[in-house]
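J.: need a structure here:
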Amino acid sequence: MFKATPNPPGTEPAPHDPALESQKTKAATDRALDYYLKPEALAAPPIPLRVRPIYIVDPTLDDETLIVEACESLSSAKAMAGNIANSIGGPERKPLLALQQLIMLNELLVNRLLDRLRLPQ
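T.: Have a look, this model is predicted:
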């Protein structure tokens, strides 16, 4: 019978040295402990996490500016919901009209609050 691949070369097994084996085991153990426990990272003080908010409202803004911006946002959302509701027919239109009405009611509440803030002036 003919083999397509040759036999691998014969090698003699390495002699077993207990001293060398214990050194290899100790080195492997140290590497594993250093990898998982990382003693240098435990000795260093932890780096505080910096909070990076995506959106932040300027805390120095006055109440009237905040309410005006909220009113403008609600007005834009109402217009977008109305435009989408008018371009859609069927059963999908009713939830959009309800959403538009909810936005409009909240816009009215914000407008009333804005009017109250302007009265004392």
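J.: so the most centrally placed residue in the chain: helix, strand or coil?
T.: The centroid of the chain falls nearest to I54 when counting by C-alpha atoms, centre = their mean (9.8 Å). Put simply, I54 is coil when judged by DSSP: H, G, I helix; E, B strand; the rest coil.
J.: and what of P6?
T.: coil.
J.: in terms of pLDDT, where does it sit?
T.: With respect to pLDDT, P6 scores 71.
J.: tally of neighbours for it?
T.: Using other C-beta atoms under 10 Å, P6 is surrounded by 6 other residues. For glycine as for every other residue, the C-beta is placed from the backbone atoms N, C-alpha and C.
J.: tell me how far K94 lies from E21.
T.: 78 Å (C-beta to C-beta, to the nearest Å).
J.: and I56, by the same measure?
T.: 60 Å.
J.: and the pLDDT at E69?
T.: pLDDT, read off for E69, is 90.
J.: could you name the helices and strands sitting against the host helix or strand of it?
T.: Assigned by DSSP states H and E, E69 falls within helix 63-87. Applying 3 or more C-beta pairs under 8 Å, 6 or more residues apart in numbering; DSSP states H and E, we find helix 63-87 packed against helix 93-118.
J.: and the helix it packs on, what's buried?
T.: L96, L99, Q100, I103, M104, E107, V110, N111 (16 or more other C-beta atoms under 10 Å).
J.: for those, give me JSON lines that also has distance to T5 and pLDDT.
T.: JSON lines is the format used below for the buried residues of helix 93-118 (distance: C-beta to C-beta, whole Å; pLDDT from 0 to 100):
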{"residue": "L96", "distance to T5": "71", "pLDDT": "90"}
{"residue": "L99", "distance to T5": "72", "pLDDT": "92"}
{"residue": "Q100", "distance to T5": "76", "pLDDT": "91"}
{"residue": "I103", "distance to T5": "75", "pLDDT": "92"}
{"residue": "M104", "distance to T5": "80", "pLDDT": "91"}
{"residue": "E107", "distance to T5": "80", "pLDDT": "90"}
{"residue": "V110", "distance to T5": "82", "pLDDT": "88"}
{"residue": "N111", "distance to T5": "86", "pLDDT": "87"}
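J.: perfect, that will be all.
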